[in-house]
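Trainee: give the three-dimensional model of this entry:
(4 chains)
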Number of protein chains: 2
Amino acid sequence: MKVKATDIGQMASASDVIFDALRTAITDGSLNEGEVLRQDHIARMFNTSRIPVREALTRLEEQGLVTTQRYRGAVVAALSIEEIQEIFEFRALVESEVIHRSVCNISDDALKLATSYCDAFSASTEPSKWGDLNRLFHYSLYQECGRPYYLQIVNGALGRIERYQRVQLTITNGLERANKEHRAILKACVARDADLAAELTRRHILGASRSLTDFLKEHRGAPHAINAAPAGNATGKPARRTGR
Amino acid sequence: MKVKATDIGQMASASDVIFDALRTAITDGSLNEGEVLRQDHIARMFNTSRIPVREALTRLEEQGLVTTQRYRGAVVAALSIEEIQEIFEFRALVESEVIHRSVCNISDDALKLATSYCDAFSASTEPSKWGDLNRLFHYSLYQECGRPYYLQIVNGALGRIERYQRVQLTITNGLERANKEHRAILKACVARDADLAAELTRRHILGASRSLTDFLKEHRGAPHAINAAPAGNATGKPARRTGR
DNA sequence: CTTGCATAAATTGGATCCAATTTACAATAT
DNA sequence: ATATTGTAAATTGGATCCAATTTATGCAAG
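Mentor: Numbering: from 1, shown residues only, chains lettered A, B, ... in the order given. This next block holds a predicted model:
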């Protein structure tokens, strides 16, 4: 009998690989907002043609992570402070609902796992991992809500603002407060107090929004100047194309 | 001075045209769920190559309107009753929040417009227009919530279940109840009673969910047998490919 | 008549090529 | 020196072609 590809799981297509790589690069901040994504540059990085690159960029645009203009290419999406606030507020609404539903069914195993992520988060000294650990902690408490669509939406919303949240945690030392709030949320979940867990989650997210946007209002005279600017791009004009 | 394309607005690319056409065909039910979408068939319909078709399908998949398997192509997504219920419940959560925020700022013009859509909805005898009019009515009450991201999410959620809702309105004569509920919502908005408008919207959506899923549980022994099946496809096997 | 396998047809993912458009740059006029 | 304009380079959208894979069909064996 011939072995079909489906028997050993769906092999990732080239566009999937590119999509995943670009997505993580955008969400973790490796790619600065406003940065231009050239199709054949990316294609060369992955040793493919531009076709799968375009498919990946299309998907990223559909998720709101890049914006595209005809014949002008894709740039990493930049969110205004108002847009960031809106997404945090939306997360507060949906995630409080999600954790409320989840706590009712939550298993001891899930609580154990959440605790271990919580510990790892507070113990980690590697800023590049805070985003992942934070996400893993929260998601481990959401898993048993029985609402995959909600989780998908939450994931999309989080993907858009994760890069900013990481900056805020790193720079304003928001780690301590996040940690305390995580402990409180976890405690409420262990006690199976759904209302409390929901309310604490809501405040946790809105609080993070507050300190992040305060930070951005301070440090963002210009729209996109969080990370170090790439060399020679201090002017408003597009960077001159350097040779390949 | 040379006229740039951007000066006369963004010209729609071929993939945009195809995307829009397929999206409306899926949301309004012209394409049955489970139906297979062949790339070069669609390409021939639009006199293009398969490249822009693939881009359109990629975007539709990202929105959850089609599902794709490697080398096996795209099919119009079919939602289980549980998934439909979940999306309605999600809409109830988000749309009640949206209308609550909107009513605080709503203008008399917006109320006038909403009234005209409400009237058109109740007067219309054309089932194919109910979906549009229903959407226009609700959206006209949402416009001034000042939360574009919420509206974008609502639009995505609605796009997934619109086809089913249309079926329900058509078949179970849910029109009368929808109409009454629309009047009540509108009245609450005119009175600037945000809490009431939100609660009525919540119940309106959950009620629609209830009657739709009841209907589906009744009429859906087989997963995808709402609309008339295409000729010669009564068996579970895929239809034999007819000549081009 | 049904089942199993070999082979052909159909279909998708990706590479390469071409046209449309934008952007950079040099030459020129003011 | 600065603005302007024409041209070349860079870049994207799309068409056509090829390889990988799946699906259908025909033929032999039971």
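
Trainee: what about dumping the CA coordinates of stretch A:43-56 to CSV?
Mentor: Listed next in CSV are the C-alpha coordinates belonging to stretch A:43-56 (Å, rounded to 0.1, in the frame of the first residue of the first chain):
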residue,chain,number,x,y,z
ALA,A,43,11.6,34.5,-1.4
ARG,A,44,15.3,34.3,-1.4
MET,A,45,15.5,33.9,2.3
PHE,A,46,13.3,30.7,2.0
ASN,A,47,14.7,29.5,-1.4
THR,A,48,11.3,29.7,-3.0
SER,A,49,9.7,31.8,-5.7
ARG,A,50,7.5,34.7,-4.9
ILE,A,51,4.3,32.8,-5.2
PRO,A,52,4.2,31.2,-1.7
VAL,A,53,5.4,34.5,-0.3
ARG,A,54,2.5,36.3,-1.8
GLU,A,55,0.2,33.7,-0.3
ALA,A,56,1.7,34.2,3.1
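
Trainee: wait, does it contact DNA strand D?
Mentor: Yes - Stretch A:43-56 is in contact with DNA strand D by C-beta under 7 Å from any atom of the strand, via A:50-51, A:54. Every residue, glycine included, has its C-beta placed from N, CA and C.

Trainee: centre of the chain to the strand or helix carrying A:E199, how far?
Mentor: Counting by DSSP states H and E, the element that carries A:E199 is helix A:194-219. A distance of 16 Å separates the centroid of the chain from that of helix A:194-219, by C-alpha atoms, centre = their mean, to the nearest Å.

Trainee: got the contact list for the nearest residue to A:L141 once chain neighbours are set aside?
Mentor: Spatial nearest neighbour of A:L141, excluding adjacent residues (C-beta to C-beta, 6 or more residues apart in numbering or on different chains): A:A114 at 5.2 Å. By C-beta atoms under 8 Å, 6 or more residues apart in numbering or on different chains, the contact list for A:A114 reads A:137, A:140-141, A:186, A:189.

Trainee: hmm, back to that, just the buried ones from the residues of stretch A:43-56 next to DNA strand D?
Mentor: Buried members of these, counted by 16 or more other C-beta atoms under 10 Å in any protein chain shown: A:R54.

Trainee: what's the domain layout of chain A?
Mentor: Chain A breaks down into these domains under automatic domain parsing: A:11-76, A:81-219.

Trainee: one step back: which other helices and strands contact the helix holding A:E199?
Mentor: Where contact means 3 or more C-beta pairs under 8 Å, 6 or more residues apart in numbering or on different chains; DSSP states H and E, helix A:194-219 is packed against helix A:81-105, helix A:148-171, helix A:175-190.

Trainee: could you dump the ones you listed to JSON lines with mean neighbour count and distance to B:A92?
Mentor: Listed next are these as JSON lines, based on neighbours: other C-beta atoms under 10 Å in any protein chain shown; distance: least, C-beta to C-beta, whole Å:
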{"stretch": "helix A:81-105", "mean neighbour count": "20", "distance to B:A92": "11"}
{"stretch": "helix A:148-171", "mean neighbour count": "19", "distance to B:A92": "12"}
{"stretch": "helix A:175-190", "mean neighbour count": "18", "distance to B:A92": "25"}
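
Trainee: to B:D132, which of the ones you listed lies closest?
Mentor: Closest to B:D132 of those, according to C-beta to C-beta: helix A:148-171, at 23.9 Å.

Trainee: what's the neighbour count on whichever residue of chain A sits closest to chain B?
Mentor: Across chain A, the shortest distance to chain B (C-beta to the nearest C-beta) belongs to A:E62, at 3.9 Å. Per other C-beta atoms under 10 Å in any protein chain shown, the neighbour tally for A:E62 reads 18.

Trainee: for it, which non-adjacent residue is spatially closest?
Mentor: B:E62 (3.9 Å).

Trainee: verify the stated contact: the one you found with A:G64.
Mentor: No - between B:E62 and A:G64 there is no contact under C-beta atoms under 8 Å: 10.5 Å.

Trainee: so how far is A:D108 from A:N134?
Mentor: 22 Å (C-beta to C-beta, to the nearest Å).

Trainee: surely A:E35 is in contact with A:A78?
Mentor: No - between A:E35 and A:A78 there is no contact under C-beta under 8 Å: 9.6 Å.

Trainee: about what we covered before: need the pLDDT of the residue nearest to A:E62.
Mentor: If you check B:E62, the pLDDT there is 98.

Trainee: likewise the one 4 residues further on?
Mentor: For B:V66, the pLDDT comes out at 98.

Trainee: any idea what it is bridged to?
Mentor: B:V76 (DSSP bridges).

Trainee: correct me if wrong: it contacts B:V36.
Mentor: No - when contacts are counted by C-beta under 8 Å, B:V66 is not listed as touching B:V36 (9.8 Å).

Trainee: which one of the two is surrounded by more residues?
Mentor: Shown here are B:V66 and B:V36; by other C-beta under 10 Å, B:V66 has more neighbours (25 against 14).

Trainee: quick one: residues contacting that one.
Mentor: B:26, B:37, B:57, B:60, B:74-77.

Trainee: dump these into TSV; add distance to B:K129 as well.
Mentor: Shown next, in TSV, are those (distance: C-beta to C-beta, whole Å):
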residue	distance to B:K129
B:I26	17
B:L37	25
B:L57	27
B:L60	23
B:A74	28
B:V75	27
B:V76	22
B:A77	24
